[in-house]
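> What follows is a protein structure lacking sequence information:
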């Protein structure tokens, strides 16, 4: 958690540096939605796929006329992972639902059509989880044909202990202003978690279990100031 506090401090200092020169400010509210492709960075490694999940949220944006602003969002996101059984007739997927709160430095270039970079820390609060599988993860030894050898299976039943996830997110996108008050955006975003979802004590199996995802979303902003 200390790392996320350091990141917030750096972001605040960065915004103060840009605010030394005064420009007319603009404030907008917006909504966005899209999909994310997620997995977990396990150490030791686990063979995975890229399950597709929904994401949607709302945000508020403060920008100066010249290139810089701040964005805060509240999102519903689904993360997790799916197992790669390398062609064998088994499937397993663990879904974790979160309320996600990122705060971004927003750097943009252009006028009516803009390109932008968003980057900053985010924190997420877990709402729940679910498992979808065509076998019993707690009885794989009695599952005919299950690949017990040459793959790691502990994660199938490992308990997710962390209710709060935190990490770093960055996105690249473009924005088109329909008129002075309305605009639409398209963004690709990457997130890497700095915390572990599984216990990572010395005696535990996994030394790391960090969330990560790639997201694509479309959004709408309405400027009220």
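The structure has been received and is ready for your questions. Note that the structure is a prediction, hence the values are computed from the model and not measured.
> Tell me where the model's unsure across the protein.
1-23, 65 (pLDDT under 70).
> Spatially central residue in it, please.
Centroid-nearest residue in the chain: residue 191, 4.4 Å away (criterion: Cα atoms, centre = their mean).
> give me the element that one is part of.
Residue 191 belongs to strand 182-196 when elements are defined using DSSP states H and E.
> Could you give the separation of that strand from the chain centroid?
Relative to the centre of its chain, strand 182-196 is centred 6 Å away, using Cα atoms, centre = their mean, to the nearest Å.
> Parallel or antiparallel, which strands does that strand pair with?
strand 164-179 (antiparallel), strand 208-223 (antiparallel) (DSSP bridges).
> Pull out the buried residues from the last one.
Spelled out, it's strand 208-223. Judged by neighbour count (16 or more other Cβ atoms under 10 Å), strand 208-223 contains these buried residues: 208-213, 215, 217, 219, 221, 223. All C-beta atoms are positioned from the backbone trio N, CA, C, and that covers glycine.
> Show me which of those residues is closest to residue 202.
Minimum distance to residue 202 across the buried residues of strand 208-223 is 13.2 Å, recorded for residue 208 (Cβ to Cβ).
> how about JSON lines for the strands paired with strand 182-196, with distance to residue 134 added?
Putting the strands paired with strand 182-196 into JSON lines (distance: least, Cβ to Cβ, whole Å) gives the following:
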{"stretch": "strand 164-179", "distance to residue 134": "28"}
{"stretch": "strand 208-223", "distance to residue 134": "24"}
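> can you tell which of those is closest to residue 139?
Residue 139 lies closest, by Cβ to Cβ, to one member of these: strand 208-223, at 23.2 Å.
> State the phi and psi torsions of the spatially closest residue to residue 86 that is not a sequence neighbour.
The shortest distance from residue 86 to any residue that is not its chain neighbour, by Cβ to Cβ, 6 or more residues apart in numbering, is 7.0 Å, and that residue is residue 47. Residue 47 has phi and psi values of phi -70, psi 130 when expressed as degrees, to the nearest 10.
> for residue 154, same thing?
When read as degrees, to the nearest 10, the backbone of residue 154 gives phi -60, psi -30.
> Since that was my last question, I'll sign off now.
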